[in-house]
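Peer 1: Build the 3D model from these lines:
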Amino acid sequence: MPFQSMSTRERKCMAGPLYCFSLCLALLTLSAHSQTREPAELEPLKVSIPVSAYTHVDDQGNVYGFFPSLISAISERLGRDIDIQTMPYLRGLHALKTGDIDITFGVQGVPQKGSIFLPNNIVTPTEPVLTVPISFYALTERNIQIKDLGQTKHYRIGSVRLEQKKLRAQRKVESTHYYKDAFSLSKALQANHIDLATLDPGSAHKIKQKLGVQLERVYDYSHLEFLSVFSKRSPRMKDPVTLCQNFAEARVTIFNEDRLEKLLVETNMSYLLPYYNRTTITPAVCRTTTAAQKNAEVPANTSKQILSP
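Peer 2: Okay, here's the model as predicted:
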């Protein structure tokens, strides 16, 4: 009986070698598919935002403000849960590059000599969320008057750290002192450690509102772009370029539905509406950052693209 059972199995395999091969191939294919699937794809996405004029944390640790509200609205539109956490700007960019977080808001300056750029090999839309003027602010009581950029060399300038130390050294900006955030910058102004603070309108407004510091906007010299940026190494995103595209489309939809203005009013930042960009969605709205983009020729009129409120 055992011999007959073994012979039967042999006959089945010998009689249908194609069947055996097909069965094995199917099993291997299923196994490979299960290994390459991304079970984490539908896990909540992780977003980091630095605490700033646009993002705050209350005493219970809850994150609120314009950027968190915008992300929540986009999350609802995408049908994808998004966990929001706060961390310093440079740490957030590092976590994005390693895949520990999926999305953050990056900043870059006007593409000209000495500008701040995003790191290479991350995904970002070609159009920013906000484009705001960058200006020198001084204490009102100082009555500082600046007519051209050359006059600033006579003053001590403070700025928020948005680049690594080695990159700041390469820029060779003299008389510039760097601080961790805009509120530290305002305290340096009050302590007379600096004469001019480099600020955007949102940061200046919050400093006046929360700290009661009287600031005077004395000279607009550039503008800063806020962009949503996406990791290429996250296990929670199958295709970061597609997610970036969907994210941008959701943002445009929110604008078209007039929900954006409501968000700005709710977060006491309605003055930012003129700076918000209504992106035109195209198939190539998202791209991966490269070093070549930083070395691209700058249009002759770039330095004149300064926005006023």
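
Peer 1: What average pLDDT does stretch 142-157 get?
Peer 2: Throughout stretch 142-157, pLDDT has a mean value of 92.

Peer 1: Point me to the helix or strand that includes residue 105.
Peer 2: Per DSSP states H and E: residue 105 is located in strand 103-109.

Peer 1: So for stretch 202-213, mean pLDDT?
Peer 2: In this model, stretch 202-213 carries a mean pLDDT of 88.

Peer 1: With only the CA atoms kept, save that stretch in CSV.
Peer 2: Output in CSV follows, covering the C-alpha atoms of stretch 202-213 (Å, rounded to 0.1, in the frame of the first residue of the first chain):
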residue,chain,number,x,y,z
GLY,A,202,3.9,86.3,9.4
SER,A,203,6.8,86.1,11.9
ALA,A,204,6.9,89.9,12.3
HIS,A,205,3.1,90.0,12.9
LYS,A,206,3.3,87.2,15.6
ILE,A,207,6.2,88.9,17.4
LYS,A,208,4.2,92.2,17.6
GLN,A,209,1.1,90.3,18.7
LYS,A,210,2.5,87.9,21.2
LEU,A,211,5.5,89.7,22.6
GLY,A,212,4.3,93.3,22.2
VAL,A,213,7.5,94.3,20.4
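
Peer 1: picking up where we left off before, what strands flank the strand holding residue 105, and is each parallel or antiparallel?
Peer 2: If you go by DSSP bridges, strand 103-109 pairs up with strand 45-49 (parallel), strand 215-230 (antiparallel).

Peer 1: so for it, what's the average pLDDT?
Peer 2: In this model, strand 103-109 carries a mean pLDDT of 88.

Peer 1: buried residues in that strand?
Peer 2: Applying a neighbour-count criterion of 16 or more other CB atoms under 10 Å, one finds 103, 104, 105, 106, 107, 108 buried in strand 103-109. Any C-beta I mention is one placed from the backbone N, CA and C, and that applies to glycine too.

Peer 1: what's the closest of those residues to residue 122?
Peer 2: residue 106 (7.7 Å; CB to CB).

Peer 1: Just put the buried residues of strand 103-109 in CSV and tack on distance to residue 259.
Peer 2: Shown next, in CSV, are the buried residues of strand 103-109 (distance: CB to CB, whole Å):
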residue, distance to residue 259
103, 19
104, 22
105, 19
106, 23
107, 24
108, 26
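
Peer 1: Pick the one among the residues you listed closest to residue 88.
Peer 2: residue 104 (10.9 Å).

Peer 1: Alright, I will stop here.
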